[in-house]
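A.B. asks: Below is the structure, and that's it, no one-letter string:
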């Protein structure tokens, strides 16, 4: 063999690799070989079955649908994401390639982070797709009050945390049993964590399923007249981010994950993550329901969020306009139609309101998980007088359909409006009772006794004995109702002030 | 040892009727033990026991109506998922082509584990308020295990847990709709049906039978890649 002279380069060629290219290639490889990819249809199907259908059955209100989305999406995603992440975390050990992978150029921690990142990417793709579908449809249907991004943000951070916790579980206990047991344990912890919430100022409000006072559930009355309070979402995201950082940093703690400095740094980051999560729990424990139905945390609260949102109300074209917040515009036609017979009867009478206006509710925390709702001020106020109402959906309780809401408005706000104009109440004169019943008959409302005073509940009262057929009040009411509507209205215009003052007797009624 | 030497190796000294009759039993026991070890059946039994203990501890607490109904379902799903994971074979194709007794071993393993899970969870609820009672435990464990076994045949034993865990959420949601309608009353969502509901029991039984049949005949799919 002869020696061959080959030119020796005078100096080494400069590296042409782009920074981060290897990491990107590793991530791309992991994206192509990731179990979460196969879980995307499962998660999407679960989201559709449990969350999307439920949200779409609700009225097109952002506050209802966003809160439902946050809770439902996290519950739907927890098993697929935690399971897939744990499966991927245990991959090297399951395939018995730990030693083979240990001699690669990348430290173990970097390889694990790439696998976790790929898992999280697919989980986020699925989650964001689901959110986009739900928010997109809601944006087309809703007439105001959103979109609300805090619930979507909490859900996104929650998905990242699920992925990190599942991955850490799979790495620490690399068994084929780890994935299912981690998924079910995570579901158990998440879904049943809310069982431990008792009253306000509970530390368990840190659960990412909580969007407001837990016992109230998704509430159609919040975040429309006042901003969506970010206090609790910020604390929840702090908690979830802290858990994520701690779980990922803990992967670098075992011997062989990297150098001594890396492990020391990982220990510090793990401690910092746990500290952040603990601080968030402490903050959530100080949160309590504010007057506008959301949870305020004093240390995170911004007073600017207590200012009402300015809006131009949407009004009906009835004899007395009915005006609602634009977010509730879908309720306006049915509400106005339900109240129209009453409004036609009282329009133009002395003391009749110039407008019926929807008000923002004031929330009251009661003992335990109890809560109450009331108007922020008097029922009638201002010049010209405005009659303030709460839509039934603003009250705590199950969400109503549009027709249910209209029926409830008709049977509660209708009699209350007539009573406020006539001055009927527990101390009213027989003539006032008779005129009240006349107007209710004319408006097609069922006869009922005096409207209960505020705070004594609501609903239909059984007619008292003096309103039963054959009584003087009943006879006078029938007689007055038999008059032609214009003549009755004209009489009321002339005599309503005296009637309210108790100066008209039953005999003086025409 | 060479082939020639092997041919010259004398036969075992044991002979006679008693040795011949003892050999299949001993070999069968050894085969079952190896199959159980290869499928991680002892670990699955430990997981089932852990689910039973967890259920027992959880039943000590005070739960509202939601929690009390959801609680057993979570642990039943955990036990069912552990059973389905045992369908994964570490040997794959070689075992399939040489294992004459493999279908019987798979059948026996699935049946024994399901019976153990139902018994353990029912025992955990003894003396406590277990929503639905023993019948519901039996129905739910059998049905969810059936889902897992069917998933094992499609996805492979490693990822077979996706079926039970996905069904867990569907079942919990069906329970939720009993309060917040419209209620889901299909018997295919049997966790939301009462224990004495015949349709739900038939559906769960059908799924379990299908799962057992498929896993006995075909076994779990050998995953090529994940």
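C.D. replies: Perfect, I can see it now. Owing to the predicted nature of the structure, the values given are computational and were not obtained by experimental measurement.
A.B. asks: Provide a list of residues in contact with residue A:382.
C.D. replies: For residue A:382, the contact set (CB atoms under 8 Å, 6 or more residues apart in numbering or on different chains) is empty. Heads up, the C-betas are built off the backbone N, CA and C, glycines and all.
A.B. asks: In the stretch 301-450 of chain A, what residue comes closest to chain B?
C.D. replies: Minimum separation of the stretch 301-450 of chain A from chain B (CB to the nearest CB) falls at residue A:398, amounting to 7.2 Å.
A.B. asks: Give me the phi and psi for that residue.
C.D. replies: Backbone torsions of residue A:398, given as degrees, to the nearest 10, read phi -60, psi 150.
A.B. asks: That one touches residue A:408, doesn't it?
C.D. replies: No: when contacts are counted by CB atoms under 8 Å, residue A:398 is not listed as touching residue A:408 (11.6 Å).
A.B. asks: In terms of neighbours, single out the busier of the two.
C.D. replies: Using other CB atoms under 10 Å in any protein chain shown as the criterion, residue A:398 and residue A:408 rank with residue A:408 on top: 19 against 10.
A.B. asks: And the next helix or strand past whatever helix or strand the more buried one lives in?
C.D. replies: Residue A:408 is located in helix A:402-422, with elements delineated by DSSP states H and E. Later in the chain than helix A:402-422, the nearest helix or strand by DSSP H and E is helix A:430-442.
A.B. asks: chain center to that following helix: distance?
C.D. replies: Centroid separation for helix A:430-442 versus its chain: 42 Å, with CA atoms, centre = their mean, to the nearest Å.
A.B. asks: middle-most residue in the chain, spatially?
C.D. replies: No chain was given, so I picked chain A. Centroid-nearest residue in chain A: residue A:67, 2.8 Å away (criterion: CA atoms, centre = their mean).
A.B. asks: Please refer instead to chain B.
C.D. replies: Centroid-nearest residue in chain B, with CA atoms, centre = their mean: residue B:83, separated by 3.1 Å.
A.B. asks: Got phi/psi on that one?
C.D. replies: Phi and psi for residue B:83, reported as degrees, to the nearest 10, are phi -60, psi -40.
A.B. asks: Surely residue A:323 is in a strand?
C.D. replies: Yes: assessed with DSSP: H, G, I helix; E, B strand; the rest coil, residue A:323 lies in a strand.
A.B. asks: Relative to residue A:356, how far out is it?
C.D. replies: Going from residue A:323 to residue A:356 by CB to CB, to the nearest Å gives 7 Å.
A.B. asks: Could I get the full set of helices for the stretch 251-400 of chain A?
C.D. replies: Secondary structure of the stretch 251-400 of chain A (DSSP state H, counting those that start in this stretch): helices at A:260-285, A:332-346.
A.B. asks: tell me what the longest one is packed against?
C.D. replies: Under the contact definition 3 or more CB pairs under 8 Å, 6 or more residues apart in numbering or on different chains; DSSP states H and E, helix A:260-285 sits against helix A:231-250.
A.B. asks: packing partners for the helix it packs on?
C.D. replies: Using 3+ CB pairs under 8 Å, 6+ apart: helix A:231-250 touches helix A:150-172, helix A:260-285, strand A:295-296.
A.B. asks: picking that back up, and the residue nearest to the centre of chain A, what pLDDT?
C.D. replies: Note for residue A:67: predicted pLDDT of 90.
A.B. asks: can you tell me the helix or strand for it?
C.D. replies: Using DSSP H and E, residue A:67 maps to helix A:62-89.
A.B. asks: residues from chain B in reach of chain A?
C.D. replies: B:40, B:43-44, B:47, B:63-64, B:66-67, B:70-71, B:74, B:77-78, B:81-82, B:84-85, B:88, B:155, B:157-159, B:161-162, B:164-166, B:168-170, B:172-173, B:180, B:225-226 (CB under 8 Å from any CB of the partner chain).
A.B. asks: Outside of stretch A:496-507 itself, list whatever touches it.
C.D. replies: Counting by CB under 8 Å, 6+ apart, A:349-351, A:421-423, A:428-432, A:434-435, A:472-473, A:476, A:492, A:495 sit against stretch A:496-507.
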